[in-house]
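J.: model the following, please.
(4 chains)
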2 protein chains.
Amino acid sequence: MTGRQTGQRTVAETARTSVSRLRSDGSSTDGTADAKRRYGNRPTMKDVAARAGVGLKTVSRVVNGEPGVTPDTERRVQEAIEALGFRRNDSARVLRKGRTASIGLVLEDLADPFYGPLSRAVEEVARAHGALLINGSSAEDPDREQELVLALCARRVDGLVIIPAADDHRYLEPEIAAGVATVFVDRPPGRIDADVVLSDSFGGARDGVAHLIAHGHRRIGFIGDQPRIHTAIERLRGYRAAMADAEIEVDESWVSLGPTDPERVRHAAEAMLTGASPVTAVFAGNNRVTVTVVRVIAARTRPVALVGFDDIELADLLSPGVTVVAQDAAQLGRTAAERLFRQLDGASDAPELIELPTRLITRGSGEVPPAG
Amino acid sequence: MTGRQTGQRTVAETARTSVSRLRSDGSSTDGTADAKRRYGNRPTMKDVAARAGVGLKTVSRVVNGEPGVTPDTERRVQEAIEALGFRRNDSARVLRKGRTASIGLVLEDLADPFYGPLSRAVEEVARAHGALLINGSSAEDPDREQELVLALCARRVDGLVIIPAADDHRYLEPEIAAGVATVFVDRPPGRIDADVVLSDSFGGARDGVAHLIAHGHRRIGFIGDQPRIHTAIERLRGYRAAMADAEIEVDESWVSLGPTDPERVRHAAEAMLTGASPVTAVFAGNNRVTVTVVRVIAARTRPVALVGFDDIELADLLSPGVTVVAQDAAQLGRTAAERLFRQLDGASDAPELIELPTRLITRGSGEVPPAG
DNA sequence: CTGAAAGCGCTAACAT
DNA sequence: ATGTTAGCGCTTTCAG
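T.: You can find the predicted model right below:
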């Protein structure tokens, strides 16, 4: 899906898929079940109340730890709960209470190493607020994003953290008006006002490219994501700003935006490295691009300088190490989630744009001098 | 959280976190809202029915695409829906229908690159079955696992995919009896029967270690995860089997199980590389271990052979490339999720153990001859 | 083709 | 301290 592991040499299957039947001696179903407890028919508070010989509300009190129950009755209720295997039905609870104590996270692809830590950070904040996280991938498809978001709204999630794929979020207006807290991360929303948490793509890219220029490069390539993605545009803008600052005219054959699959990126890199005016350095617009460009460069004899946006694991162990403009995915997620819960706690500030700094981490590839 | 990027050289902040107020000209709240549509009070089918001048059930029919509605009334209902910004409340629906069309996934840490693709694969299958995914991390804590699982059961998820941290899952018996479909992945459940999907940890490790032996190594170290984790034990067992096959006696100073944080692993690796009977090769029990061992080896002058369990990105670009026993995380997730939905579709097969093969991928580090 | 009534399992608001 | 009643918003059932 992310096209990793292209450069494999030898592959050997060590086993076939095997399937075995497990012991099933019936030990997993104990005989203590009440008549009511047949498949798919779970005991309710009413059942517990009947069994414990108390009223419905008393059971509710015990289950929710509300005060006003004698230790003795509490014990009887607890026993009935255990015996019946009762578990409160939160769907019913939600219906009554209005809040679901769950938030939705919509991102592009959980398999992308950039989003794992982000998602995890959102989850931790949610957990700290007693909420569950419902997760969905848009696969960078605007329609799928909308479908997902609206499905989450139908579940009445209390809030949404969205890494948008679409560029028009007016479809969210009724939801936000109805009280669904919403924060966008990594990219701004389209055509609505809402909280946004971003990395400083422009500044990061500008500094990364300036770094290459400082090391003597003038013919510098830029390979980024599709132009409808905000970060791609911002990073390209940063590239152009750095070039302009150094009074270097950009040859448009040095710039390539498009999908970040290895084939496309490889092709783009090869093209700008071999054209009429070949580049001596490349700025890679995100971690997917960087990984592929590293492979392309490794396969060439003449050295090419590289700075990538996003840190990548093991970047320091390649030779040369990969110089990157790092953003803190976890911090991005944490900040967004905290902002979300602040909304849920009733803060009604105006929408804000929070921009997180990036860090230039030099490891060697960005300090390679121009060749040729 | 995963302790990546230890070997950084220079770090420069490119900006401060900045916060800006967005334009908020009130353009996001259109004036067409009905009186009912105040904050947190969403229109219901009843409201739609009233506005469209039809019965409640007719609205329900339209919303759910049920037959038996005149095109004309359907249109009137649709208009009312649009005007009111109505969105069906799935909590209420669930309460009535019994099924939530959502499944839970409990894993250790979404930030671990192994689980991203797995989670994504589960999500894709869920999506194909019209279900949403609720995600939770156990952080390798048995109590937290149970808490999470039971919270998911309270939400009445239709099914659970669990990468267990606990070793006793009897707490799930009432849930499973009540009809919650359950599949374990990556590690087997404890003390209950349930479907399991595993990689062939034993066979994979045995083959990986045998590969080192075939390249002349006899003093081979094993660094794995904590002994309460099933895969750690199985891989160690594979290691011992390979050593026994070659009639090599294992010096217990060559074996180290424990947490996989960089510090612990680094210490373990250093110890076995410098002891009285130093190893010439290391088998790393999972991707976290491999990453750290690569760093340790890179910092040494004398070459050390390495085979790691789990593939890692860019493994092919290090020098030497990292030889690994690869497992297919996405396939693991896909298989488990498909099995889950088979259960939900009514298949009542006995619990099965499905074991997926691993692949040995040789890239250089496993073919380094013994030094000294 | 359409709608009124009942009730899913829970909690809020009142009794007792 | 405990129980009773009335919904939450929807689908199911059954009657027009």
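J.: ok and the residue in the stretch 1-150 of chain A nearest DNA strand D?
T.: Going by C-beta to the nearest atom of the strand, DNA strand D is nearest to residue A:55 of the stretch 1-150 of chain A, at 2.7 Å. Yep, even glycine has a C-beta here, placed from its N, CA and C like the rest.
J.: again but with the stretch 251-372 of chain A, I slipped
T.: residue A:344 (18.3 Å).
J.: quick one, what contacts that residue?
T.: By C-beta atoms under 8 Å, 6 or more residues apart in numbering or on different chains, the contact set of residue A:344 is A:129, A:158, A:159, A:181.
J.: looking at those, which are in strands?
T.: Of the positions in those, A:159, A:181 sit in strands, assigned by DSSP state E.
J.: and the contacts of residue A:344, which are buried?
T.: Burial by neighbour count, 16 or more other C-beta atoms under 10 Å in any protein chain shown: within the contacts of residue A:344 this picks out A:129, A:158, A:159, A:181.
J.: measure whatever residue of the stretch 151-300 of chain A ends up closest to DNA strand C to DNA strand D for me?
T.: Of all residues in the stretch 151-300 of chain A, residue A:156 sits closest to DNA strand C, at 13.2 Å by C-beta to the nearest atom of the strand. According to C-beta to the nearest atom of the strand, to the nearest Å, residue A:156 stands 9 Å off from DNA strand D.
J.: hmm, residue A:217 is touching residue A:283, no?
T.: No. With contact defined as C-beta atoms under 8 Å, residue A:217 does not count as touching residue A:283 (9.8 Å).
J.: okay, these two: which has more neighbours?
T.: residue A:283 (33 against 25; other C-beta atoms under 10 Å in any protein chain shown).
J.: and stretch A:256-267, how far out from the chain middle?
T.: Put simply, stretch A:256-267 sits 22 Å off its chain's centre (C-alpha atoms, centre = their mean, to the nearest Å).
J.: run a quick neighbour tally on residue A:189.
T.: Neighbours of residue A:189 under the rule other C-beta under 10 Å: 22.
J.: ok, which stretches of chain A are strands?
T.: For chain A, the strands defined by DSSP E occupy A:10-13, A:18-21, A:102-107, A:132-137, A:159-162, A:181-185, A:195-199, A:220-224, A:255-257, A:281-284, A:305-309, A:323-326, A:352-356, A:359-362.
J.: quick one, the third one and strand A:132-137 angle?
T.: In terms of direction (axes from the mean of the first three to the mean of the last three C-alpha atoms, to 10 degrees), strand A:102-107 departs from strand A:132-137 by 20 degrees.
J.: and the residue in the stretch 201-350 of chain A positioned nearest to DNA strand C, how far is that from residue A:93?
T.: Nearest residue of the stretch 201-350 of chain A to DNA strand C, counting by C-beta to the nearest atom of the strand: residue A:344, 16.6 Å away. For residue A:344, the distance to residue A:93 equals 18 Å [C-beta to C-beta, to the nearest Å].
J.: now residue A:309
T.: With C-beta to C-beta as the criterion, residue A:309 and residue A:93 are 45 Å apart.
J.: quick one: which of these two has more around it?
T.: Neighbour count, other C-beta under 10 Å: between residue A:309 and residue A:93, residue A:309 has more, with 27 against 19.
J.: check contacts around that one.
T.: Residue A:309 touches A:201, A:204-205, A:208, A:235, A:283-287, A:290, A:324-325, A:327, A:358, counting by C-beta under 8 Å, 6+ apart.
J.: try it again with 6 Å
T.: A:235, A:285, A:286, A:325 (C-beta atoms under 6 Å, 6 or more residues apart in numbering or on different chains).
J.: adding neighbour count and distance to chain B as columns, could you present those residues in JSON lines?
T.: Shown next, in JSON lines, are those (neighbours: other C-beta atoms under 10 Å in any protein chain shown; distance: C-beta to the nearest C-beta, whole Å):
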{"residue": "A:235", "neighbour count": "30", "distance to chain B": "13"}
{"residue": "A:285", "neighbour count": "31", "distance to chain B": "16"}
{"residue": "A:286", "neighbour count": "23", "distance to chain B": "14"}
{"residue": "A:325", "neighbour count": "31", "distance to chain B": "7"}
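J.: out of these, who's nearest residue B:331?
T.: Distance to residue B:331 across the contacts of residue A:309 (C-beta to C-beta) is lowest for residue A:286, with 26.3 Å.
J.: I'd like to know how many residues surround residue A:63.
T.: Neighbour tally, residue A:63, other C-beta under 10 Å: 17.
J.: for the closest residue in space to it that isn't next to it in sequence, grab phi and psi.
T.: The spatially closest residue to residue A:63, leaving aside those adjacent along the chain, is residue A:88, at 5.4 Å (C-beta to C-beta, 6 or more residues apart in numbering or on different chains). When quoted as degrees, to the nearest 10, the phi and psi of residue A:88 stand at phi -50, psi 140.
J.: and residue A:302, by the same measure?
T.: Dihedral angles for residue A:302 - degrees, to the nearest 10 - are phi -80, psi 130.
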